[in-house]
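Q: Coordinates for the following, if possible.
(one chain, ligands or ions: 1)
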Amino acid sequence: MYISHYDVRLFYKCPTLLYLNLHGPQDAKQIHPIIQRRKRYTRNSFLDSINVEQETQKTISQMEKAKKSINQCLISTNNLVAKVDRLNKVDNNSNLGSYSYRASFARNTLTPKKPLLMEGVFVSYILQKILNTEIKEFYVQKQNDIQSINIAEYFADFENDLVLIDEIIRGEKEISPNYVRTCRVCEWRFYCKKTAAESSDLTLISGIGGRIKKKLITLGIEDVPSLAQVDLNSLPKDLTNNADFDFFVKQAKSLTTKEAIVRESIKFPKNRIELFVDLEGSSHHNFVWIIGCLMRKEGEVDYISFLANTPKEEKEMVVSFSDFISDLGDDFTLYHWSSAEPQYFKNLFTKYSLPFKMLNKLHHNSFDLFPIFKRKIILPLFTYTLKDVANFLGFQWHDPLADGATSIVLFDKWYLEKDKKSLQKAISYNSDDCKALLIIKDYLSKKLSAD
Ligand code: SF4
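A: The predicted model follows:
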């Protein structure tokens, strides 16, 4: 059975992903709405569309003719096969004579992450076998810039990994999931979360990835309940110095007892007006299409939305919002979730040369609710998204399946196809986000208020 560059890339992205794509229950897959719009490229669509031997022979004959560069070609040896963006001729002895070839990949970054790095190692490994020479680098090209990537140190471990990849492809080795941050947009996220929850996997704890999990297992701490029992002083210092183990153990306790754990109290601003604000951007033309704002004043709650149906309307939307803030005076607090909102405001005010005085006022009166979680209070949750936290507190979105990505897709349907229902749904989703902020703020002030 072939091992392709596609398998290698997937393996280094996540070995479970490689396993599940080939042998997992396909009906458990749920493609993320954002990813669904991209062209799907699979191992089978690559291998089915080519004759490996013929294509490899074509590449070798071009090499034998000493072509300066060979574009979009295929190379293979034994059961290893890879597509390469370009092979560049270099001065270096090989079985071709006084020259050899190096692989080059066109990418939008010059500093490749592990999957692309290892794809480069894989391709170079095949080239070494074909050309019978030592290869220590490959190239990444971004427009006119080229970066040489040194890979000599990777080959030893890579050969062991190839054995594992082969076993996974054959279905002889199943890899249990490490449920980490990047899983959130993976098509197997629900399946893996459920599988990890069933085994109380350590990676369910936010911040514990494959590396820490491995170390904990060597210490006999194999799952969440056993981590909940750990005495922090019994752990090696080199482990605890580099990560917040006080949080990990408390998080494990919270998950085991299903109780919230307060770490520290805080002071909330005492302004007369509270704004719960959420912005959403469009995936087209890079513009913000809504500033949603739930206002609470003297017990009354109102949802106000500032909209831009097109990029041209964005300035008008920001100006209206800025005027609205100006009319409030100084007696308000703007609650939001994560650092995205302040960054959006900064970008918008800069883009339209709006007064910095107003931007400073917004920043001065803003309060981010997100960092309070984990630092000041721990909930029995695996992840701390706005939705996870608000759902835990009993709040439900009108559409329980919708998330931030769905909202982008809904707005796009309005923007591209003028589907009014989609716009209404996207606004309703934004309004639910703002309500969720209010629920969370009230919960936190009850649980954590220092006064
Ligand atoms: S959800 Fe996470 S662990 Fe599961 S296959 Fe996807 S990336 Fe891997």
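Q: Tell me which residue is most central in the protein.
A: Thr182 (4.1 Å; CA atoms, centre = their mean).
Q: So for it, what's the nearest residue that isn't a sequence neighbour?
A: Computed as CB to CB, 6 or more residues apart in numbering, the closest residue to Thr182 that is not its neighbour in sequence is Cys14, at 7.6 Å. Using the backbone N, CA and C atoms, a C-beta is placed for each residue, glycine as well.
Q: got it, and Ile408?
A: Once flanking residues are discounted, Ile408 sits nearest to Ser283: 5.2 Å by CB to CB, 6+ apart.
Q: ranges for the strands of the chain?
A: Secondary structure of the chain (DSSP state E): strands at 3-4, 69-77, 80-94, 97-106, 137-142, 145-150, 261-262, 273-281, 288-297, 300-307, 332-336, 366-368, 377-378.
Q: Let me have those in JSON lines, adding mean neighbour count, distance to Ala196 and mean pLDDT as columns.
A: Output for the strands of the chain, formatted as JSON lines (neighbours: other CB atoms under 10 Å; distance: least, CB to CB, whole Å; pLDDT from 0 to 100):
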{"stretch": "strand 3-4", "mean neighbour count": "23", "distance to Ala196": "27", "mean pLDDT": "94"}
{"stretch": "strand 69-77", "mean neighbour count": "18", "distance to Ala196": "36", "mean pLDDT": "95"}
{"stretch": "strand 80-94", "mean neighbour count": "18", "distance to Ala196": "32", "mean pLDDT": "94"}
{"stretch": "strand 97-106", "mean neighbour count": "19", "distance to Ala196": "33", "mean pLDDT": "95"}
{"stretch": "strand 137-142", "mean neighbour count": "19", "distance to Ala196": "34", "mean pLDDT": "93"}
{"stretch": "strand 145-150", "mean neighbour count": "13", "distance to Ala196": "33", "mean pLDDT": "92"}
{"stretch": "strand 261-262", "mean neighbour count": "12", "distance to Ala196": "21", "mean pLDDT": "96"}
{"stretch": "strand 273-281", "mean neighbour count": "22", "distance to Ala196": "29", "mean pLDDT": "95"}
{"stretch": "strand 288-297", "mean neighbour count": "22", "distance to Ala196": "33", "mean pLDDT": "96"}
{"stretch": "strand 300-307", "mean neighbour count": "14", "distance to Ala196": "37", "mean pLDDT": "96"}
{"stretch": "strand 332-336", "mean neighbour count": "22", "distance to Ala196": "30", "mean pLDDT": "98"}
{"stretch": "strand 366-368", "mean neighbour count": "16", "distance to Ala196": "29", "mean pLDDT": "97"}
{"stretch": "strand 377-378", "mean neighbour count": "21", "distance to Ala196": "19", "mean pLDDT": "97"}
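Q: so how far is stretch 427-444 from its chain's centroid?
A: Distance of stretch 427-444 from the chain centroid (CA atoms, centre = their mean, to the nearest Å) equals 23 Å.
Q: what's the answer for stretch 397-409, then?
A: Its chain's C-alpha centre and that of stretch 397-409 lie 17 Å apart, by CA atoms, centre = their mean.
Q: so who does the nearest residue to Lys58 once chain neighbours are set aside touch?
A: Nearest non-adjacent residue to Lys58, counting by CB to CB, 6+ apart: Cys73, 7.3 Å away. Cys73 makes contact with 55, 58-59, 62, 83-84, 86-87, according to CB atoms under 8 Å, 6 or more residues apart in numbering.
Q: repeat for Thr16
A: Thr16 sits next to 175-178, 188, 192 when contact means CB under 8 Å, 6+ apart.
Q: now, which of those residues sits nearest Asn93?
A: Nearest to Asn93 among those, counting by CB to CB, is Ile175 at 40.1 Å.
Q: quick one: that closest one and Asn21 touch, right?
A: No. At 11.7 Å, Ile175 does not count as touching Asn21 under the criterion of CB atoms under 8 Å.
Q: before we move on, back to that, would you turn the contacts of Cys73 into JSON lines with distance to Asn271?
A: Formatted as JSON lines, those follow (distance: CB to CB, whole Å):
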{"residue": "Glu55", "distance to Asn271": "68"}
{"residue": "Lys58", "distance to Asn271": "71"}
{"residue": "Thr59", "distance to Asn271": "68"}
{"residue": "Gln62", "distance to Asn271": "71"}
{"residue": "Lys83", "distance to Asn271": "59"}
{"residue": "Val84", "distance to Asn271": "60"}
{"residue": "Arg86", "distance to Asn271": "60"}
{"residue": "Leu87", "distance to Asn271": "64"}
